[in-house]
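Undergrad: need a 3D model of the following:
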Amino acid sequence: MKTLIYYFTGTGNSLAAAKRIAAEQGDCALVPIASLADTPVNIVSDADHVGIVFPVYFAGLPAMVASFAGRLDLSRSQYTFAVATYGGFGAEAALRQLDGILRGRPGHGLDAGFMVKMPSNYIIMYNPPSGEKLQGVLAAAGAELETISREIRDSTRADPGYPLSIRLMHLLFYPRFASHVHGDDKKFSVTEKCTSCGTCAAICPAHNIELVDGRPVWQHRCELCCGCIHLCPAEAIQAGPKTAARTRYRNPGVHIGDFKAQAEKRT
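TA: Numbers count the residues shown, from 1 in each chain. A predicted model of the protein is given here:
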């Protein structure tokens, strides 16, 4: 039985989750959603099991994940699952949004939707966890992923539910995010600490950063994943006056090379 897991990650949480799930499945391949951004309209998967692993943004899907789902053909697949990694709220809404998109495509919707709490790291608004708190969240996520991985291997059906409070949060937060996300890179700036290393451009899943005279310039197709600010080795990228004092975060199971591989395009 072949399993194919599509993933999108900003700071590594969703890729770490996808790797853990893949290890339990046997014949399994990981495919970055970002690498398929310029592929034809229909993305046809012939795997028996197809999964989508992604972070929750403002009680919904990252824009790139929503676009990808709208081009995915699952008519040849037997079992479809999704895993939403989240730090705050809205995972149920994001899974429900994904299911609705897939049901409008050839094939079928989600057979199972799972949620995993991961270290929250939207540095624009708050400080990511560190120390014992960080280790506690990662340990709990690891245990949860162990259970989820077995359930996926066994083709378990799972409905995460969709409480009214979460529906209201989605309606309150997501529409503005979706309508403004690509231009929200105006939040970012670069300081004199920049070494012109090019890491930000190389790891950006949206290919949203170009180096001009050795310094990053954002191109207004941002996903607001905050990978650039978290992964800059010099901590030269900021988003307003408060981020300079905040902790940078990268999931310890994911390396810079993994982010660069995610950003590579496929034909």
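
Undergrad: let me see the ranges of the helices in the stretch 51-200 of the chain.
TA: Remark: helices assigned in the stretch 51-200 of the chain by DSSP state H, counting those that start in this stretch are 63-69, 91-103, 131-153, 164-180, 199-203.

Undergrad: just put the ones you listed in JSON lines and tack on distance to D258 and mean pLDDT.
TA: Bear in mind the C-beta positions are built from the backbone N, C-alpha and C, glycine included. Putting the helices of the stretch 51-200 of the chain into JSON lines (distance: least, CB to CB, whole Å; pLDDT from 0 to 100) gives the following:
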{"stretch": "helix 63-69", "distance to D258": "17", "mean pLDDT": "97"}
{"stretch": "helix 91-103", "distance to D258": "22", "mean pLDDT": "97"}
{"stretch": "helix 131-153", "distance to D258": "17", "mean pLDDT": "97"}
{"stretch": "helix 164-180", "distance to D258": "25", "mean pLDDT": "95"}
{"stretch": "helix 199-203", "distance to D258": "9", "mean pLDDT": "98"}
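
Undergrad: nearest to V50, out of those?
TA: helix 91-103 (9.7 Å; CB to CB).

Undergrad: relative to helix 164-180, how tilted is the closest one?
TA: On the basis of axes from the mean of the first three to the mean of the last three CA atoms, to 10 degrees, helix 91-103 is oriented at 70 degrees to helix 164-180.

Undergrad: check the offset of stretch 17-32 from the chain's centre.
TA: From the chain centre to the centre of stretch 17-32 is a distance of 15 Å (CA atoms, centre = their mean, to the nearest Å).

Undergrad: how about stretch 74-92?
TA: 11 Å.

Undergrad: now swap in stretch 211-227 and tell me
TA: That offset, for stretch 211-227, works out to 18 Å (CA atoms, centre = their mean).

Undergrad: what does stretch 10-19 give?
TA: That offset, for stretch 10-19, works out to 7 Å (CA atoms, centre = their mean).

Undergrad: for the residue lying farthest from the centre of the chain, give me the pLDDT.
TA: Here the chain reaches farthest from its C-alpha mean at D213, the gap being 30.3 Å by CA atoms, centre = their mean. With respect to pLDDT, D213 scores 96.

Undergrad: circling back to that earlier point, format the helices of the stretch 51-200 of the chain as JSON lines; extra columns: distance to C222 and mean neighbour count.
TA: As requested, those are arranged in JSON lines below (distance: least, CB to CB, whole Å; neighbours: other CB atoms under 10 Å):
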{"stretch": "helix 63-69", "distance to C222": "9", "mean neighbour count": "21"}
{"stretch": "helix 91-103", "distance to C222": "19", "mean neighbour count": "22"}
{"stretch": "helix 131-153", "distance to C222": "26", "mean neighbour count": "15"}
{"stretch": "helix 164-180", "distance to C222": "10", "mean neighbour count": "14"}
{"stretch": "helix 199-203", "distance to C222": "12", "mean neighbour count": "21"}
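
Undergrad: of those helices, which is nearest C226?
TA: helix 199-203 (11.0 Å).

Undergrad: that closest one packs against which elements?
TA: With contacts defined as 3 or more CB pairs under 8 Å, 6 or more residues apart in numbering; DSSP states H and E, helix 199-203 has these neighbours: strand 209-212, helix 227-231, helix 256-263.

Undergrad: distance of the residue farthest from the centre of the chain from E24?
TA: Distance, D213 to E24, using CB to CB, to the nearest Å: 47 Å.

Undergrad: C-alpha coordinates for stretch 75-85, CSV please?
TA: C-alpha atoms of stretch 75-85 as CSV (Å, rounded to 0.1, in the frame of the first residue of the first chain):
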residue,chain,number,x,y,z
SER,A,75,-10.4,9.9,-7.6
ARG,A,76,-7.8,7.2,-7.6
SER,A,77,-7.2,7.2,-3.8
GLN,A,78,-8.9,5.0,-1.2
TYR,A,79,-8.2,6.9,2.0
THR,A,80,-7.6,10.6,2.6
PHE,A,81,-6.4,12.2,5.8
ALA,A,82,-5.2,15.5,7.0
VAL,A,83,-3.2,16.6,10.1
ALA,A,84,-3.4,20.2,11.2
THR,A,85,-0.6,21.4,13.5
